[in-house]
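1. Fold the following, please.
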Amino acid sequence: MNFKSDLKHMLEFWMKNGVDYENGGIYTCVDREGEIYGRDKSVWFQGRALWTFSKAYNIIEKDPEYLKAAKNIYEFLHKCTDTDGRMFFTVTENGREIQKRRYYFSETFAAIGCAEYYKATDDEKVLADAEKYFDVAYECFTGVRKCAPKMNPETCNTKALSPVMIMLSTAQTMRSVTNKEKYSFIASECLNEILHGGFLTEKALFESVGADGKAIDSPNGRIVNPGHSMEAAWFLMLEGMITKNQEAISAGKKIIDITWPLGWDEAHGGLIAFTDVSGKPPVQLEWDMKLWWPQCETMIALRMAYMLFQDEKYRELYEKVRDYCKKYFVDSEYGEWYGYLHYDNTVSTTLKGNIFKGPFHVPRLYMIMSVLDEDGDMSRYI
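-> Okay, the predicted model is just below:
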């Protein structure tokens with residue numbers, strides 16, 4: 001793979017087929033050829049795509065078309081924001097509410113998108129928006145804003161990994177543009193929770209544990225999401241590099257080492273979607289499918305581990321995943337990646353985007369690989 005040139009082609013795919021200059025924002029429901037098959041818009045992806053185009057402009061190439069796309073998406077974000085400051089989950093093509101969920105990932109992605117766009121524009125209003133979206137998300141995260149619980153805490157009092165790892169990554173981005181002390185404190189809180197809150201054991205990095213940090217012996221309690229684990233691993237290693245925290249770097253390595261045998265399909269290749277750490281039947285029916293984003297996160301984690309530890313094992317595993325993705329996920333005819341493969345790597349659906357898949361995980365992978373290929377200086381990415 002030539003990551004830098006492949007990234008350019010990928011972003012061209014989305015600028016040509018997804019960016020909506022009539023209504024604002026970006027469509028992500030596009031098929032293999034780039035035709036739009038659904039006109040509702042994912043609010044997650046307004047922030048994510050804003051981050052992607054801004055990041056590419058900032059660290060890869062000063063292409064004015066990237067900045068044009070970013071400006072268009074940034075201006076659409078305000079239509080996706082409710083009067084209470086919370087964001088919607090999906091909107092119509094012209095920005096009218098369809099669905100609003102208890103999750104606050106729309107806000108975290110809007111925050112990182114605005115933060116990166118601010119780096120490109122030096123517009124103080126954009127920075128204020130980044131801080132506004134972050135503060136709303138953090139209020140939800142800490143419970144200052146009350147969000148409906150997913151489960152009844154009186155009968156199932158649990159805590160989840162994903163909000164903590166996303167908050168860590170979001171704080172890392174915010175720290176790079178403003179208020180270093182504030183965001184370093186939040187990042188440190190999240191780091192400590194991942195390392196010492198019960199999620200990380202000798203067996204796995206669990207998706208959920210009891211509110212007291214104890215493991216839950218139930219189908220949901222035993223579940224591991226290998227993609228999340230690999231993503232968390234490189235978030236931790238990145239934090240360790242930024243703050244010179246060896247414990248975080250070592251924990252990232254540990255997560256990779258315990259996750260690889262749980263997630264990698266030795267028979268067909270690829271990282272599976274879910275697994276039960278005890279070998280019992282996973283409750284997710286798609287458990288053995290191969291999704292695009294876990295492969296991306298695994299490649300980043302392995303490449304960073306090789307850079308940090310110079311252990312040939314990580315280079316070999318990285319190349320194994322890279323070659324697997326090139327063979328099965330990359331669409332050499334129309335561009336971009338397929339999103340969903342069956343266990344045997346046959347294509348499940350030819351879509352290139354939906355409300356969960358768009359220009360984020362793969363472009364982020366390509367940008368990080370481009371930086372590492374050029375000079376190995378991850379400070380450029382930060």
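
2. those strands in the stretch 151-300 of the chain, which residues are they?
-> Assigned strands in the stretch 151-300 of the chain, in chain order: 158-160, 208-210, 223-224, 275-276, 290-291 (criterion: DSSP state E, counting those that start in this stretch).

3. what's the answer for the stretch 1-150 of the chain, then?
-> Going by DSSP E, counting those that start in this stretch, the stretch 1-150 of the chain shows strands at 41-42, 90-91, 97-99.

4. Pull the residues that contact the second one.
-> In other words, strand 90-91. Residues outside strand 90-91 that contact it (Cβ atoms under 8 Å, 6 or more residues apart in numbering) are Asp40, Lys41, Ser42, Val43, Lys79, Cys80, Glu97, Ile98, Gln99, Ile355. In this view, the C-beta of every residue, glycine as well, is placed from N, C-alpha and C.

5. Now list the buried members of these.
-> Buried by 16 or more other Cβ atoms under 10 Å: Lys41, Ser42, Val43, Lys79, Cys80, Ile355, out of those.

6. surely the first one meets Thr28?
-> Yes - with the criterion set as Cβ atoms under 8 Å, Lys41 and Thr28 qualify as a contacting pair; they are 7.3 Å apart.

7. Helices of the stretch 51-200 of the chain, residue ranges please.
-> 64-77, 105-121, 124-142, 161-175, 180-196 (DSSP state H, counting those that start in this stretch).

8. Please work out which of those helices is packed deepest.
-> Highest mean neighbour count of the helices of the stretch 51-200 of the chain: helix 105-121, a mean of 25 (counted as mean count of other Cβ atoms under 10 Å).

9. Could the C-alpha coordinates of that helix be exported in PDB?
-> Output in PDB follows, covering the C-alpha atoms of helix 105-121 (Å, rounded to 0.1, in the frame of the first residue of the first chain):
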ATOM      1  CA  PHE A 105     -20.400  10.500  20.800                       C
ATOM      2  CA  SER A 106     -21.900  13.000  18.300                       C
ATOM      3  CA  GLU A 107     -20.500  15.700  20.600                       C
ATOM      4  CA  THR A 108     -17.100  14.100  21.100                       C
ATOM      5  CA  PHE A 109     -16.600  13.800  17.300                       C
ATOM      6  CA  ALA A 110     -17.800  17.400  16.800                       C
ATOM      7  CA  ALA A 111     -15.300  18.500  19.400                       C
ATOM      8  CA  ILE A 112     -12.300  16.800  17.600                       C
ATOM      9  CA  GLY A 113     -13.500  18.000  14.200                       C
ATOM     10  CA  CYS A 114     -13.700  21.600  15.400                       C
ATOM     11  CA  ALA A 115     -10.400  21.400  17.200                       C
ATOM     12  CA  GLU A 116      -8.600  20.200  14.000                       C
ATOM     13  CA  TYR A 117     -10.400  22.700  11.900                       C
ATOM     14  CA  TYR A 118      -9.300  25.400  14.200                       C
ATOM     15  CA  LYS A 119      -5.700  24.400  13.600                       C
ATOM     16  CA  ALA A 120      -6.300  25.000   9.900                       C
ATOM     17  CA  THR A 121      -8.100  28.300  10.200                       C
END
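
10. what pLDDT does Ala148 get?
-> Per-residue pLDDT puts Ala148 at 79.

11. So what's the residue count around it?
-> 6 (other Cβ atoms under 10 Å).

12. Contact partners for it?
-> Arg102.

13. Domain map for the protein?
-> Here the domain parsing of the chain from automatic domain parsing is 1-148+352-382, 158-347.

14. from what I can see Cys325 touches Glu297, true?
-> No - Cys325 lies out of contact with Glu297 (Cβ under 8 Å); the separation is 11.7 Å.
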